[in-house]
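A.B. asks: No letters, just coordinates:
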């Protein structure tokens, strides 16, 4: 047997702990491998979900660098089961050699697409330790079935397809399942066994996507053609045969029937000579025979070599305990091939995953509507304990941080879920659905192209990459997503947001931002009627769309949270009753309010005969009536601050309650910190006030609706003034509580009198040079931290500076560091540098303001942030600051960790190297917006309709307003919002562009008013506050 060898690079790079450097569901979660210097070239790789990604590698990089980039992109730990295959100049499908330079193997990289596929098929799928790996294997089985490579009887085929459908659309529904089979081809002769497939699908009720993957692999592994790749050959008599390799040895097929098998233990040597492939067998002692040599003729020497190489790799992967050592180079002459297996063996992978206790990585499932939150290992006797459930993505898909990722086929079938519509001036459909009505689902065939993201799911905007020659785009997602008209659940990761569920999204999984699977017929849209067009109508429609989102947020408190904690006796009954008593009446009131607004908009749009009378093209009377009713709930609104305080007190007094609340925040429905939901009713008052101000400004005093709008504005302004003090205190208190979750080493952060001012990234000058630090500015101190290696990805405090007596001086010339300034405290000084002039200006201005506030107070605050560290450690000189290698590694660890979200504002600022102030947060509270938008990628043609919610500096994406949780998210800090230029060929009205580095998204609104509103609110998130904004938070109200 040919003896492979050891790879020159450090073993285990691909199986190392994941590291993240982004926070969007559209971005990757791992740091790419180090590449040799040299010109960068683009390599296109097609994933198992038909997504195409473009990776940048050095022209001298070995194949391992590209392969590691793909594994990093997917957050894939068990990557050694997979490989990259491509067609060479001889039109032969070959595997990328990980040890040779990539460009010496791929002569024309611009015209070559590599495919990321399963290379080694284990005999038992329970040997695959991670759910993501099993999902990718399931995609490979799905592909093998569709292309006719995995031959089996009708019963097995129907059962496997039924599990695939269960993972994609969930439990059996006769109409939906039938339509899904009509528009998706899983088998070459699918129509003949369609009834069998639906009969099998009926039996899978309640089965999660992860369980479906498990069952699919369980059936597939028992098939004779499982993992078989046939290589045509002939025996000595000229009979046409096929050779294949498996974990057991070399197989011989005649047609699709296995006629012989040579176990590894019986094979002495494999070799080839010209067109002849030779198998030398060990002598059989029982027969006292000499060594037998079997000879097979193949089409060419190259065919022999390709098959011989995969045999060498299969033998090493499944039979050896560790990666084989490289042969020493001969001094004078070389004989034979130097080819060897490069990578970890199966035993090494299994041992590594078992010993390292790898964290579950969120990912997104293409097409899947359903996601489950838990993940179990396949070790127990019961089926449910055997099958790991799919990871949920806290849509981040954090840049996922991009964590999870979704893909999309160049040609696919999808579904569209139209609502009752009234077309606006540009043909964009969107109108309210009457409560209780069911949207009609129509599934259509459509073709679309998609662009691939640059490094990831994961690079915040994977989708911005160039389209492949095949026109197959790619995406990501934090959460669940919808690709080609079908929903998917995630990782992404989103990605972009999915995958995602978790989704991950990520987290955030790429998010979806996944490409639409269809192209709209714009001519049909433009032909629709264009009534109404009055600006007042679109203002009223904004009231409707934001009210829908607000009601969903209230349901998180009144339904989801109360149901979640109601099962646990540890949660105090007094807090349950307090929350229920003060939020349930508000929820019930707004249910009626929303119904009235929906009815009025339907009448305004002419979906009833009422508009003939001309009495319903207004909204002021509805607002006046309901705001007067809302005033009766003021006593409950005043109690909401008490609910927040009591909930925090309960968390401090009981670890079980704290864990319960933290677990709830990991639920998909809780897409923001739970304390933010508790403040939503107070924030909603500001929204009503702003909407009424716009209506009053639009209407002339003689308009019939003006009087009602002005009266309603007076009432709501009085309520806002009455609750303003409570609102400001609670926003600051909530922000301190949220920051406490992101910081470790601090106790008692939320003390009376302390106000949060700004957080963000600065570079701190120390003996090691400039090091990235996260700074937190409060009214009494300045705290600097770094990302620590903790399960929750918290920031570890390195030091704090009291503001009393502090002075600040610009020191760019003194230190030779751009945008640097020095903070002189009473005990020591710190030199820091901002990323740009505007960031430096914001920090200097806010720090000076905070110093003035501290000077005006009673003096040095002795109750500084108490920590578990010694004073010497906290107040050590910046040049002497110590940081362990473990902490440095921790600063690059994965964003998606158990127990805490990876897409919080703090983490986004860390990865985008920016900052936000309390003024920014207060402005963001006012600038919440939701509604339908059309979204497309840079190089794609189709526009996808999504329900989009803007809040907390992020866009959250839903398939429709009726969804309970977002499919993906996109943090906007660091992004720019502009109007497309002529060269971008976006020949549509009301389109705005979001871009961050190379990541570009286009969004299209339905009218000039909605376009201006989206531009306004997004600019509030992408442009940080400066001295031109209100100097105090009171100025905001």
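C.D. replies: Yes, it's here. Since the structure is predicted, the reported quantities are computational estimates derived from the model, not experimental observations.
A.B. asks: CA atoms for contacts and neighbours, from now on please.
C.D. replies: Fine.
A.B. asks: Just the buried residues of the helix ranked longest in the chain, please?
C.D. replies: In the chain, taking DSSP state H as the definition, the longest helix is helix 706-742. Within helix 706-742, the residues that count as buried by 16 or more other C-alpha atoms under 10 Å are 706-713, 715-717, 719-720, 723-724, 726-727, 730-742.
A.B. asks: And the pLDDT at residue 8?
C.D. replies: At residue 8, the model reports a pLDDT of 40.
A.B. asks: Then residue 224?
C.D. replies: 89.
A.B. asks: ok, now which ones touch it?
C.D. replies: Shown in contact with residue 224 (C-alpha atoms under 8 Å, 6 or more residues apart in numbering): residue 258.
A.B. asks: Residue 758 now?
C.D. replies: Residue 758 neighbours (C-alpha under 8 Å, 6+ apart): 776, 777, 778, 843, 846, 915, 916, 917, 918.
A.B. asks: Not counting its own residues, what contacts the helix or strand that contains residue 652?
C.D. replies: Element membership of residue 652 [criterion: DSSP states H and E] is helix 634-653. For helix 634-653, the external contacting residues (C-alpha under 8 Å, 6+ apart) are 572, 575, 578-579, 581-583, 586, 657-658, 661, 675, 678-679, 681-682, 719, 723, 726, 730.
A.B. asks: can you confirm residue 980 is in a helix?
C.D. replies: No: counting by DSSP: H, G, I helix; E, B strand; the rest coil, residue 980 is not part of a helix but coil.
A.B. asks: Got the confidence number for it?
C.D. replies: On the pLDDT scale, residue 980 gets 90.
A.B. asks: Tell me if I'm right that it and residue 992 touch.
C.D. replies: Yes: with contact defined as C-alpha atoms under 8 Å, residue 980 counts as touching residue 992 (6.4 Å).
A.B. asks: which of those two has more neighbours?
C.D. replies: residue 992 (20 against 16; other C-alpha atoms under 10 Å).
A.B. asks: Let me see the contact set for residue 193.
C.D. replies: Going by C-alpha under 8 Å, 6+ apart, the list of residues near residue 193 reads 154, 158.
A.B. asks: can you tell me how far it sits from residue 199?
C.D. replies: 10 Å (C-alpha to C-alpha, to the nearest Å).
A.B. asks: Can you tell me the number of residues neighbouring residue 568?
C.D. replies: 12.
A.B. asks: wait, I meant residue 814
C.D. replies: For residue 814, using other C-alpha under 10 Å, the count is 10.
A.B. asks: how about it, secondary structure?
C.D. replies: Going by three-state DSSP: residue 814 is helix.
A.B. asks: so who does residue 817 touch?
C.D. replies: 811, 833.
A.B. asks: Following element in sequence after the longest helix of the chain, please.
C.D. replies: Next along the chain after helix 706-742, with elements defined by DSSP H and E, is strand 743-744.
A.B. asks: Pairing partners for that following strand, with directions?
C.D. replies: Partners of strand 743-744 in the sheet, by DSSP bridges, are strand 795-802 (parallel).
A.B. asks: Buried residues, the partner strand. List them.
C.D. replies: 795, 796, 797, 798, 799, 800, 801, 802.
A.B. asks: and what of stretch 806-822?
C.D. replies: For stretch 806-822, by 16+ other C-alpha under 10 Å, it's 806, 808, 810, 811, 812, 817, 818, 819, 820, 821, 822.
A.B. asks: What is the lowest-pLDDT residue among those residues?
C.D. replies: The minimum pLDDT among those falls on residue 812, with 73.
A.B. asks: Report the contact partners of the residue lying closest to it once chain neighbours are set aside.
C.D. replies: In space, and not counting its chain neighbours, residue 812 is closest to residue 820: 5.0 Å by C-alpha to C-alpha, 6 or more residues apart in numbering. Shown in contact with residue 820 (C-alpha under 8 Å, 6+ apart): 810, 811, 812, 831, 832, 833, 834, 840.
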